[in-house]
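>>> Build the 3D model from these lines:
(one chain, ligands or ions: 1)
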Amino acid sequence: MQPTTPTEAPQMTHTAPLDLRSRAADAVRACGADIPSGDDVPALSPVDGTVLHTLRASSPEDVAAAIECAQQAFSQWRVVPAPVRGALVRRLGELLTEHKDDLAALVTIEAGKIPSEALGEVQEMIDVCEFAVGLSRQLYGRTMPSERPGHRLMETWHPLGVVGVISAFNFPVAVWAWNAAIAFVCGDTVVWKPSELTPLTALACDALVRRAAAESGAPDGLHAVLIGSGSVGGQLVDDPRVALVSATGSVRMGREVGPRVAARFGRCLLELGGNNAAVVTPSADLDLAVRGIVFAAAGTAGQRCTTLRRLIVHSSIVDTLVERVADAYRQLRVGDPFEDGVLVGPLIRERSWQAMSAALDRARTAGGTVVCGGDRMDRDGVYATPALVRMPSQSEVVREETFAPILYVLSYDTLDEAIALHNNVPQGLASAIFTLDQREAERFLAADGSDCGIANVNIGTSGAEIGGAFGGEKETGGGRESGSDSWKAYMRRATNTVNYSTELPLAQGVRFGR
Ligand code: NAD
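Residues are numbered from 1 along each chain as shown. The predicted structure follows:
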């Protein structure tokens, strides 16, 4: 971080403009992908608003054909032994490693992440491939003691079918990989509808899967990518051949997708918006807390589902902490993510700034004070300085997810009050407590503590590892992806009873006939 005085606007150093268009095209080509040109979907870079390419959207016929092809591939793929399926994912991981720089460049160009975060996102794909390869030898079913003599009772896990993956712009590739790598080892095929804001990154990944599939002898149709907006995704949602719809995005999207999949008795895995908070208690290590808070709140320009949006601080330390966070905020460099030293890149689009500016107005009306940030920078692209806002109480605007860098600060006097404030939002994704008091930490993790899918101690809300199950409760949708036993969502379970005796005893001692 470069120090600036509190009154200075965040600075950026001007260098020769980068040719984002050719850089993106080179990276896509290096991964072996063709770009379907057309007039429907403009791929824009939030870095400076450059139109990178205009793509042809997938037609309804394209979507139907992709699903049909995936279904046919499924009938072959499901009988390939799981460890052999793992070999495909191992190869995919190798190709992702080989093309790490190309893919990270695309993530920066299309989503605006700083290179270190973009590389981290690609690394997350590589990590989940590694996890999935191991998993391909560990798709364990249980054996249970049967109540009947000469019987064996067990459960087996089988491939599920075609998985439709719908993903958001802010993790243009990692979330897809969480789904695809696990789905492949589970014996499923995948049709992916990435965000219409990040199509080039998706085409590059699709080309790498196709290459891994061809080299591993996997069937054609194992993977397909669809280009277009929500209506293209809607076809995946409604098609009964899609056994599981794994949808990541806003609560608004989940409200449309969830009931439609349920209406056809399909399976749905929803990863929706968050409104994440951290509680900071009087015993907290404030040096560590400030670092954790600033990365979680301002990193990725506040555009992570796990971004820290609410800080709930004990009244005895709130003034000190606000001062320290504000000081760190004023030193953050906001600007072109390709420039050295920049830590906060652009917002994805104009609408994001409008939402941010409207939320700040509402916060002021509710009695809030903007301590620092919240300004739009005068340059191409949509750049805003992360805002720190002290709120007198938890008003409606604090209960909503505004997908931009706004951190609301609330204060509390008792831990019960802090936990009540913490849980008093409709979303339930990520949470944290900064404390050196073990009783407080344990209380936060207990059944009557944080109600989120992710609850951390002395670490911020964002930046999860792939080994754990990722997801959240309440309006966040209840889905779990990535590590732990999340794979079970991608398989169907069968309970098997085998009679190896010469008798036919009925369960529960039931007698039927003689
Ligand atoms: P969005 O809801 O606008 O779009 C997400 C995806 O859904 C896109 O591919 C879009 O085309 C598609 N879509 C939209 N409406 C659809 C419909 N009716 N049918 C089918 N598909 C539809 O979200 P966004 O702006 O791209 O991403 C930001 C949001 O995503 C935030 O709310 C963020 O919290 C959330 N998010 C959640 C997680 C998580 O794991 N919980 C991860 C990343 C992002």
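
>>> who are the neighbours in contact with the residue nearest in space to the middle of the chain?
Residue closest to the average C-alpha location in the chain (CA atoms, centre = their mean): V175, at 5.0 Å. By CB atoms under 8 Å, 6 or more residues apart in numbering, the residues touching V175 are 165, 167-168, 248, 271, 481. From N, CA and C alone the C-beta is placed, and that goes for glycine too.

>>> Please repeat the previous calculation with a cut-off of 6 Å.
Residues counted as contacts of V175 (CB atoms under 6 Å, 6 or more residues apart in numbering) are 167, 248.

>>> And the one 3 residues further on, by the same measure?
Residues in contact with W178, defined by CB under 6 Å, 6+ apart, are 128, 481-482.

>>> Is R310 in a helix, a strand, or coil?
strand (DSSP: H, G, I helix; E, B strand; the rest coil).

>>> how much space between it and P386?
14 Å (CB to CB, to the nearest Å).

>>> Looking at the two, which has the bigger crowd around it?
Using other CB atoms under 10 Å as the criterion, R310 and P386 rank with P386 on top: 28 against 24.

>>> Surely the more buried one and P405 touch.
Yes: contact criterion CB atoms under 6 Å: P386 and P405 qualify, at 3.7 Å.

>>> residues bridging contact with the two, i.e. touching both?
Residues touching both P386 and P405 (CB under 6 Å, 6+ apart): A298.

>>> Please tell me I have it right and V163 contacts W192.
No: assessed by CB under 6 Å, V163 is found out of contact with W192, at 8.9 Å.

>>> and stretch 283-299, does that touch the ligand?
No: Stretch 283-299 stays out of contact with the ligand when judged by CB under 6 Å from any ligand atom, the minimum separation being 13.6 Å.

>>> Only the buried residues of stretch 466-485, if you could.
For stretch 466-485, the neighbour count (16 or more other CB atoms under 10 Å) marks 466, 469-483 as buried.

>>> ok, residues contacting the helix or strand encompassing V133?
Using DSSP states H and E, V133 sits within helix 115-135. With CB under 6 Å, 6+ apart as the test, helix 115-135 has contacts from 86, 89-90, 92-93, 96-97, 100, 103-104, 107-108, 173-174, 177-178, 181-182, 185, 466, 487.

>>> Repeat that for stretch 205-222.
31-33, 69-70, 72-73, 76-77, 87-88, 91-92, 95, 173, 189, 223, 225.

>>> Report the secondary structure state of the residue nearest to the centre of the chain.
helix.

>>> what's the spacing between it and R91?
To R91, V175 is 21 Å away according to CB to CB.

>>> Kindly report the same for T320.
53 Å.

>>> more neighbours, those two?
R91 (21 against 11).

>>> Next, find the distance separating the more buried one from V425.
Using CB to CB, R91 is found at 43 Å from V425.

>>> cool, and C452?
C452 is 10 Å from V425, by CB to CB.

>>> ok, the residue of the stretch 351-500 of the chain found nearest the ligand - contacts?
Using CB to the nearest ligand atom, F403 is the residue of the stretch 351-500 of the chain that sits closest to the ligand, at 5.2 Å. Listed by CB under 6 Å, 6+ apart, the contact set of F403 reads Q303.

>>> And the pLDDT at it?
F403 carries a pLDDT score of 98 in this model.

>>> so which strand or helix has it?
With DSSP H and E as the test, F403 turns up in no helix or strand.

>>> cool, the one 4 residues further on as well?
Using DSSP H and E, the element containing L407 is strand 406-412.

>>> And for S22?
Applying DSSP H and E, one finds S22 within helix 20-30.
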